[in-house]
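# based on what follows, work out the 3D shape:
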Amino acid sequence: MIQYVKRKDLNILKYDACIENSIQSRIYAFSWYLDIVADNWDVLVLGDYKAVMPLPWKQKYFIKYITQPFFCQQLGVFALEKLATKTQEELIKKIPRRFLNVSLNFNSGNYFVSKMFKKNNCVLEIYSS
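Residues are numbered from 1 along each chain as shown. Just a heads-up that it's a prediction; the model follows:
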């Protein structure tokens, strides 16, 4: 079951535990980080925080839209176990229609869905001596 949870109603401990233990874990999705970089954000939650999808949003002239916050490279779906492509697509379809536009950079651990376009991401391995 997928639920839309507002930030104020979010179980922070379960949410952050899901992000920390997810296969796709990224600092950008932790609650404290999103509180800093996003004006507003809510979450889609699968089951009992088995998977989450943060939705940072803004509002302009009564129009709400989902957009990637500055200093936040990758968001998308974060899951404790590998999700089926169908499940990820269901999460994306559950984004409420009140958001007229959705522009998010999904993390590299997510599946490519037909309505998405792929961007290249370079990873530098840094070694210390």
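
# can you give me the strands for the chain?
Taking DSSP state E as the test, the strands found in the chain are 2-5, 40-46, 51-60, 63-67, 78-79, 99-103.

# just those strands: most buried one?
Looking across these with neighbours counted as mean count of other Cβ atoms under 10 Å, the highest average goes to strand 78-79: a mean of 24. For every residue, glycine as well, the C-beta is placed using N, CA and C.

# those helices in the protein, which residues are they?
With DSSP state H, the ranges of helices along the chain come out as 12-21, 31-37, 85-93.

# and of those, who's closest to Ser108?
Set against Ser108 and scored by Cβ to Cβ, those come closest in helix 85-93, at 13.5 Å.

# can I get the CA coordinates of stretch 84-92 in CSV?
Output of stretch 84-92 as CSV, limited to C-alpha atoms (Å, rounded to 0.1, in the frame of the first residue of the first chain):
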residue,chain,number,x,y,z
ALA,A,84,10.3,-4.6,-9.2
THR,A,85,10.1,-2.1,-12.0
LYS,A,86,6.3,-2.2,-11.7
THR,A,87,6.4,-1.2,-8.0
GLN,A,88,8.6,1.8,-8.9
GLU,A,89,6.2,2.8,-11.6
GLU,A,90,3.3,2.5,-9.2
LEU,A,91,5.1,4.9,-6.8
ILE,A,92,5.6,7.4,-9.6
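
# worst mean pLDDT among the helices of the chain?
Mean pLDDT is lowest for helix 85-93 out of the helices of the chain, coming in at a mean of 88.
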